[in-house]
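J.: Any chance you can model this:
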Amino acid sequence: MEYIISGLQSALMLIINLDPEVTKVVTTSLKLSLTSTLLAALFGTPLGILFSKIDFKGKFVFNTVLNTLLSLPTVVLGLFVYSIISRRGLLGEWGLLFTMKGIIIGQVLLILPIVMALVRNAIHDIDEKMYKTAISMGATGTQQFRLLLSEARYGIIGALITGFGRVIGEVGISMMLGGNIKGYTRTITTAIAMETNKGRFSFGLALGIILLFIAFLINFIIYFYQIGESR
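T.: Okay, here's the model as predicted:
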């Protein structure tokens, strides 16, 4: 018990004193997660809207595959991306392995299905009568698109926050594609796994507290937007 209390005290001191190593790991994680989320939003939001509004052959199969990808294990995706960006892979000449760019590629692929599926659901839940009324009143394509974004804004924002929460807490992709390089590609989750195994319990605990706080903040924001959406 004393070991845990002592570790907790040391962890809190690391956080309060803004330990440089802790700060570097946290900022690296936030930078990677925010970049990946923004890129996934850039591609996933319009694709989610598109696949929600159009009908095509095999749409049921497409939706089934998309829903399956929501629970894709990070290590499986990491292995797939590793095979592409490693030296013998298709993009081996680009030198992406064990870089922040490599991690971002993996993280974007991880949350792209999440963003697409949640945006698709948000658009699907919009009252179709209101949308048809706007069309009957002569709304242009741009105006129709703005209407969709306005009505589904809470769902879209919730999708992006969910995606961010997924990547900030993942470990498989960051470890396999980033290599857990200190001061460069080491994230919160990989640092916790590495430093705890090395006996630096307080350091790992400090990062764990920060990660828990981020998770709490994400869930609070999602709850806030869910309330706003239900009004």
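J.: how about low-confidence regions in this protein?
T.: For the chain, the stretches with pLDDT under 70 are 1, 127-135, 138-139, 141, 225-231.
J.: Quick one: the helices in it, in order.
T.: For the chain, applying DSSP state H gives helices covering 2-16, 20-53, 59-69, 74-85, 100-124, 128-136, 141-151, 153-168, 172-178, 188-197, 201-230.
J.: Compare these and give me the one nearest Gly92.
T.: Nearest of the helices of the chain to Gly92, taken as CB to CB: helix 74-85 at 6.7 Å. Any C-beta I mention is one placed from the backbone N, CA and C, and that applies to glycine too.
J.: show me what contacts the nearest residue to Gly78 once chain neighbours are set aside?
T.: Ranked by CB to CB, 6 or more residues apart in numbering and with sequence neighbours excluded, the top spatial neighbour of Gly78 is Met176, at 3.8 Å. Going by CB atoms under 8 Å, 6 or more residues apart in numbering, Met176 touches 75, 78-79, 81-82, 106.
J.: Among those residues, the buried ones, what's the PyMOL command?
T.: This is how PyMOL selects the buried members of the contacts of Met176, with burial counted by 16 or more other CB atoms under 10 Å:
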select buried, resi 78+81+82+106
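J.: What is the neighbour count of the nearest residue to Ser10 once chain neighbours are set aside?
T.: Ranked by CB to CB, 6+ apart and with sequence neighbours excluded, the top spatial neighbour of Ser10 is Ser202, at 3.5 Å. Under the neighbour criterion other CB atoms under 10 Å, Ser202 is assigned a count of 19.
J.: and Ser202, how far is that from Gly7?
T.: Using CB to CB, to the nearest Å, one gets 5 Å for the distance from Ser202 to Gly7.
J.: Leu70 now?
T.: Noted for Leu70: a distance of 36 Å to Gly7, by CB to CB.
J.: okay, those two: which has more neighbours?
T.: Between Leu70 and Gly7, counted using other CB under 10 Å, Gly7 has the larger neighbour count: 17 against 13.
J.: Next, work out how far apart that one and Asn180 are.
T.: Taken as CB to CB, the span from Gly7 to Asn180 is 22 Å.
J.: contacting residues around the residue nearest to Ser10?
T.: Here Ser202 is in contact with 6-8, 10-11, 14 (criterion: CB under 8 Å, 6+ apart).
J.: circling back: CSV for the helices of the chain, including distance to Leu91?
T.: As requested, the helices of the chain are exported to CSV (distance: least, CB to CB, whole Å):
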stretch, distance to Leu91
helix 2-16, 38
helix 20-53, 16
helix 59-69, 21
helix 74-85, 5
helix 100-124, 9
helix 128-136, 41
helix 141-151, 33
helix 153-168, 21
helix 172-178, 12
helix 188-197, 22
helix 201-230, 30
